[in-house]
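Engineer: Below: sequence and its predicted model.
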Amino acid sequence: MTTAALHDDTSAARVTCHRCLSRYRVRALEQLTSASRSTCPTCGARFAVVEAISLRSDEDSPNQHDKPSAVPDASATSGATASLSPPIRAAFHGVGGTLLGMHVVNVCLTLITLGGYHFWAKAKIRRYLFSQTSFAGDRFAYHGTGKELYQGFLKAMLVFGIPYFSLSAAHTFLELPQWIDVLLQAMAGLVFFLYVPVAIVNARRYRCTRTSWRGIRFSFRGRTVDFLKLYFRGWFFTVLTLGTYYPYFQTQRQAFLHSHTYFGNQRFRFTGHGSGVMMPFAVTLFTTYAVLGLCGFALALQLTNAGLTLLLIPFVLGPMRIWLLGQKQRYFWNHTSFGDAHFSSAITWQRLFTLYLGNLGLLLATLGWAWPWVTVRNARFFIGTLSLHGTVDLDRVMQDTTDASVTGEGLSNLLDTGFDMDA
């Protein structure tokens with residue numbers, strides 16, 4: 001839920017959305033009556049006119065109830081309580097040039113040490129990115145070290161890596177019957193499938209304990225066994241329903257990660273439901289099946305210029321995936337709260353598509369050397385669209401003394417499952 005302020009602006013009244021701060025001119029002020037509703041075209045916030053008050057000063061108008069006022073719509077889908085206090089916003093202050101210098105040094109040291117410096121380089125980049133991220137004017141801090149990441153990798157290699165690689169590569173060293181080879185490959189796949197949720201939970205646990213804001217650290221208190229149950233159940237029903245259950249599974253996974261995350265001794269909450277992202281997922285899924293079916297049909301019949309239909313995959317499915325990502329990101333954040341305040345995301349698919357298109361152009365034009373600027377662009381976009389609405393009593397937040405093993409972080413590196421930007 002966001003608020004909208006209706007105020008006089010000399011020549012015309014204007015409405016300001018308190019979620020994304022977009023301003024719109026009211027063309028026909030006299031048509032605004034009680035219960036009039038509208039939607040912000042930029043972020044989708046809903047608001048309604050429920051009371052008529054004057055937009056002019058006391059000297060200009062003796063009647064203080066002759067013009068409408070725009071206030072939050074109680075029926076908005078976010079379900080949070082509206083607040084008239086200004087939103088708390090996040091921002092990213094890093095620059096690509098600084099990140100490029102760090103990246104060049106890291107690459108050189110990693111090559112000299114035959115890859116050994118990789119973990120220290122990763123911790124160094126994280127410290128920079130976190131130190132350049134601010135919320136309510138105060139910056140975050142990352143306390144992880146390269147030594148911890150290196151030790152975590154060794155633990156993960158010993159506990160998880162050796163069994164996995166032994167099972168998957170046994171056929172290259174031993175002559176085994178085919179059925180035994182198939183069984184070992186199936187066991188390796190099961191081991192990988194089992195360790196992915198373990199990596200997700202424990203990597204998040206480690207990173208939370210190594211992240212602080214205003215001197216108070218975050219923590220993650222979800223149990224690995226509970227997430228394993230959720231993970232297996234989610235994939236089982238996803239396969240059983242040919243993918244249609246996936247938005248519910250993804251929302252449940254997000255709920256688990258958000259609702260078990262703490263800042264100090266205060267907990268985050270998540271109120272989303274899979275039905276909230278079912279429609280954009282269904283549209284994307286249907287479009288994907290339609291495009292792939294059309295491409296397969298054209299190639300099977302060997303139609304003239306059938307190969308051109310393959311262009312539908314990047315030019316149609318690409319934008320659809322970006323649209324779905326924007327819908328999910330906004331829905332997940334809009335249903336996350338902390339105390340009496342709720343988060344809000346102003347992501348739109350148009351801005352997200354422009355971001356990714358620009359990133360692709362930069363990487364292609366520079367043969368990958370623009371990676372630091374792409375990283376900065378992504379951080380500035382995703383962090384800059386996030387805000388917190390409502391009242392937060394920071395005096396009630398106290399430091400919690402939880403710690404976490406780095407094995408999960410090492411497993412994330414070992415399996416290269418891409419959890420660096422895990423939300």
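Structural biologist: Looks like it came in fine.
Engineer: All the strands of the stretch 201-350 of the chain, residue numbers only.
Structural biologist: Ranges of strands in the stretch 201-350 of the chain, per DSSP state E, counting those that start in this stretch, are 211-213, 216-220, 261-263, 266-270, 336-338, 341-345.
Engineer: which helices and strands does the third one pack with?
Structural biologist: Looking back up the chat, that one is strand 261-263. Packed against strand 261-263 by the contact rule (3 or more C-beta pairs under 8 Å, 6 or more residues apart in numbering; DSSP states H and E) you find helix 178-209, strand 216-220, strand 266-270. C-beta: built from backbone N, CA, C; applies to glycine.
Engineer: Please report how far the closest residue to L285 other than its chain neighbours lies from F281.
Structural biologist: Nearest-residue entry for L285: G243, 6.3 Å, with adjacent residues in sequence omitted and distances by C-beta to C-beta, 6 or more residues apart in numbering. Distance of G243 to F281, given as C-beta to C-beta, to the nearest Å: 9 Å.
Engineer: what about the two, which has more around it?
Structural biologist: Neighbour comparison, G243 and F281: the larger count goes to F281, with 19 against 15 (by other C-beta atoms under 10 Å).
Engineer: Is that one in contact with Y245, as I believe?
Structural biologist: No - under the criterion of C-beta atoms under 8 Å, F281 makes no contact with Y245, lying 10.2 Å away.
Engineer: before we move on, back to that, of the strands of the stretch 201-350 of the chain, give the one that comes closest to T39.
Structural biologist: With C-beta to C-beta, the closest approach to T39 among those belongs to strand 341-345: 14.6 Å.
Engineer: Which strands border the closest one, and is each parallel or antiparallel?
Structural biologist: Sheet pairing for strand 341-345, assigned by DSSP bridges, gives strand 336-338 (antiparallel), strand 386-389 (antiparallel).
Engineer: could these be laid out in CSV, adding mean neighbour count?
Structural biologist: Shown next, in CSV, are the strands paired with strand 341-345 (neighbours: other C-beta atoms under 10 Å):
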stretch, mean neighbour count
strand 336-338, 22
strand 386-389, 23
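Engineer: who are the neighbours in contact with the residue nearest to A136 when sequence neighbours are not counted?
Structural biologist: Spatial nearest neighbour of A136, excluding adjacent residues (C-beta to C-beta, 6+ apart): I88 at 4.6 Å. With contacts defined as C-beta atoms under 8 Å, 6 or more residues apart in numbering, the neighbours of I88 are F135, A136, A341, S387, L388, H389, V392.
Engineer: Can you give me the distance of the fifth one to Q350?
Structural biologist: According to C-beta to C-beta, L388 and Q350 sit 24 Å apart.
Engineer: After the strand or helix carrying R89, which helix or strand is next?
Structural biologist: Element membership of R89 [criterion: DSSP states H and E] is strand 88-92. The element immediately downstream of strand 88-92 (helix or strand, assigned by DSSP H and E) is helix 96-112.
Engineer: Enumerate the positions of that next one that are buried.
Structural biologist: Across helix 96-112, burial judged by 16 or more other C-beta atoms under 10 Å covers G96, L99, L100, M102, H103, N106, T110.
Engineer: Which pLDDT value does the model give the fourth one?
Structural biologist: M102 carries a pLDDT value of 95.
Engineer: Can you give me the domain boundaries for the chain?
Structural biologist: As recorded under automatic domain parsing, the domains making up the chain are 4-72, 88-415.
Engineer: which one of those has the lowest average pLDDT?
Structural biologist: Comparing mean pLDDT over these, the weakest stretch is domain 4-72, at a mean of 53.
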